[in-house]
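Chemist: Output the structure for:
(one chain, ligands or ions: 2)
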Amino acid sequence: MTTIVTVTPNPSIDRTVEIDELTRGAVLRATAHRVDPGGKGVNVSRVLARFGHPTLAVMPGGTGELADLLRAAGIPPVSTPARGVTRVNTALVEADGTTTKVNEPGVELADHEVDALVDTVAAHAAPAAWVVTAGSVPRGAPDDLHARLVLAARRGQARVAVDTSGPALAAAVAAGPDLVKPNVAELAELVGHPLPRLADVLAAAADLRAGGVGTVLVSMGAAGALVAAAEGVWHCAGAPVTVRSTVGAGDSTLAGYLIARTSGASPADALVHAVACGAAAVGLPGTAVPGPADLPPVTPATAPEESLDLTGEAA
Ligand SMILES: Nc1ncnc2c1ncn2[C@@H]1O[C@H](COP(=O)(O)OP(=O)(O)O)[C@@H](O)[C@H]1O
Ligand SMILES: O=P(O)(O)OC[C@H]1O[C@](O)(COP(=O)(O)O)[C@@H](O)[C@@H]1O
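Modeler: Numbers count the residues shown, from 1 in each chain. Ligands and ions are numbered 1, 2, ... in the order given. Prediction:
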């Protein structure tokens, strides 16, 4: 199996605090807490490691506690220079599953530190492997950071997947990645209008593909996910699960898709695996990520029912 390299420009340590109910201004007593390595690329690596798929995780900073947590999960961290410390992102999870997230700003990168990250990714990109670049752009780095990472991965002849949002996603899409994994809100922001029905998501995905993106994998919260690839378009409606924490669900979805595709699965079958991984993640606490034994049964992939209303379901 070829190594999948992940890049997390702004990694985190995710602290999850479970409380009965969030009351502003009160002193709250935690009923449980946990600490996980975090950040979107890091989480993709964590899922890959749980499935026994070789991976390494590139990030600015990411030394100290985060590196220790990653090594304990079987993931070699590749650290590049950065100023400041790894952020702590705190999730307050209420008994009914409602999650309030506070993400700190995190590391800051000077121009030469951006260059070092890009060069490190180019050095680790290998032919036929995937590079996954994901998450927010840290302070000091340009909006086209993920776009530059796409081109760096290409220099190493790797295929490249992107999961980010806002201007960084727009710039990355213009670089023509092999795959993007927006959720519905991120895709709507990218195309500049709401996407209330599955037909709207399909049209937006088709536009991205026409603009040079290879595969568009759209996660749609409780409505499952959709894939638009050269081979065709499929929807997988997902699984009814008891939501414990949605943090890391999108990352697990992307990892699930790549695990299946690199094992030779079709896009439709990879979509089903992706949705199973996402559904499993929401049933796990904090930023815990699923392994093979956690996957619930999910519905098969079907031709998208264009009239499906997403307004009550999409994340
Ligand atoms: N409420 C939910 N019920 C069942 N599955 C869910 C729910 N929320 C998320 N998922 C699963 O997790 C995946 C990713 O969730 P989503 O919210 O779309 O991603 P992101 O974390 O990127 O915003 C979905 O495609 C779905 O499989
Ligand atoms: O880089 P961002 O956008 O601030 O996101 C970082 C946060 O997102 C996560 O990677 C989870 O992402 P998803 O819920 O989209 O899968 C957390 O581990 C981390 O705290």
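
Chemist: Find the residue at the geometric middle of the protein.
Modeler: Asp251 (3.0 Å; Cα atoms, centre = their mean).

Chemist: gap between that one and ligand 1?
Modeler: 7 Å (Cβ to the nearest ligand atom, to the nearest Å). For the C-beta atoms, the positions are set from N, CA and C on the backbone; glycine is no exception.

Chemist: again with Thr3
Modeler: The spacing between Thr3 and ligand 1, counted by Cβ to the nearest ligand atom, is 24 Å.

Chemist: That residue and Ala126 touch, don't they?
Modeler: Yes. Counting by Cβ atoms under 8 Å, Thr3 does reach Ala126; the two are 7.1 Å apart.

Chemist: Which elements pack onto the strand or helix carrying the residue nearest to the centre of the chain?
Modeler: Per DSSP states H and E, Asp251 falls inside helix 249-262. Applying 3 or more Cβ pairs under 8 Å, 6 or more residues apart in numbering; DSSP states H and E, one finds that helix 249-262 contacts helix 40-50, strand 130-134, strand 159-163, strand 215-219, helix 267-282.

Chemist: Output the ones you listed in a markdown table, with mean pLDDT and mean neighbour count appended to each entry.
Modeler: Shown next, in a markdown table, are the helices and strands packed on helix 249-262 (pLDDT from 0 to 100; neighbours: other Cβ atoms under 10 Å):
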| stretch | mean pLDDT | mean neighbour count |
| --- | --- | --- |
| helix 40-50 | 98 | 28 |
| strand 130-134 | 98 | 28 |
| strand 159-163 | 98 | 27 |
| strand 215-219 | 98 | 26 |
| helix 267-282 | 98 | 26 |
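
Chemist: Minimum distance to Thr120: which of those has it?
Modeler: strand 130-134 (11.2 Å; Cβ to Cβ).

Chemist: What strands line up against the closest one, and which way round?
Modeler: Sheet pairing of strand 130-134 (DSSP bridges) gives strand 4-7 (parallel), strand 159-163 (parallel).

Chemist: any chance of those in CSV, plus distance to ligand 2?
Modeler: Formatted as CSV, the strands paired with strand 130-134 follow (distance: least, Cβ to the nearest ligand atom, whole Å):
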stretch, distance to ligand 2
strand 4-7, 11
strand 159-163, 7
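
Chemist: possible to save the ones you listed as a markdown table with distance to Thr98?
Modeler: Converted to a markdown table, those look like this (distance: least, Cβ to Cβ, whole Å):
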| stretch | distance to Thr98 |
| --- | --- |
| strand 4-7 | 29 |
| strand 159-163 | 24 |
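
Chemist: on that earlier part again, I'd like the helices and strands packed on helix 249-262 laid out as TSV, including distance to Leu179.
Modeler: As requested, these are exported to TSV (distance: least, Cβ to Cβ, whole Å):
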stretch	distance to Leu179
helix 40-50	12
strand 130-134	8
strand 159-163	4
strand 215-219	4
helix 267-282	10
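
Chemist: Determine which of those approaches Ser79 most closely.
Modeler: helix 40-50 (12.1 Å).

Chemist: Please enumerate the helices of the stretch 101-250 of the chain.
Modeler: Using DSSP state H, counting those that start in this stretch, the helices found in the stretch 101-250 of the chain span residues 111-124, 145-155, 166-174, 184-191, 198-210, 249-262.

Chemist: Give the closest residue to the residue in the stretch 101-250 of the chain that ligand 1 sits nearest to in space, chain neighbours not counted.
Modeler: Nearest residue of the stretch 101-250 of the chain to ligand 1, counting by Cβ to the nearest ligand atom: Gly250, 2.0 Å away. Among residues not flanking Gly250 along the chain, Ser219 sits closest, at 5.2 Å (Cβ to Cβ, 6 or more residues apart in numbering).

Chemist: Just to check, the residue of the stretch 101-250 of the chain closest to ligand 1 is in contact with Ala185?
Modeler: No. Here Gly250 does not reach Ala185: they are 10.9 Å apart, not a contact under Cβ under 8 Å.

Chemist: neighbour-wise, which of those two wins?
Modeler: When Gly250 and Ala185 are compared for neighbours, Gly250 comes out ahead with 25 against 14, by other Cβ atoms under 10 Å.

Chemist: how far away is the more buried one from His33?
Modeler: Going from Gly250 to His33 by Cβ to Cβ, to the nearest Å gives 23 Å.

Chemist: just Ala170 next, same as before
Modeler: With distances taken as Cβ to Cβ, Ala170 is found 37 Å from His33.

Chemist: Between these two, tell me which one has more neighbours.
Modeler: A count of neighbours by other Cβ under 10 Å puts Ala170 above the other of Ala170 and His33, at 18 against 14.
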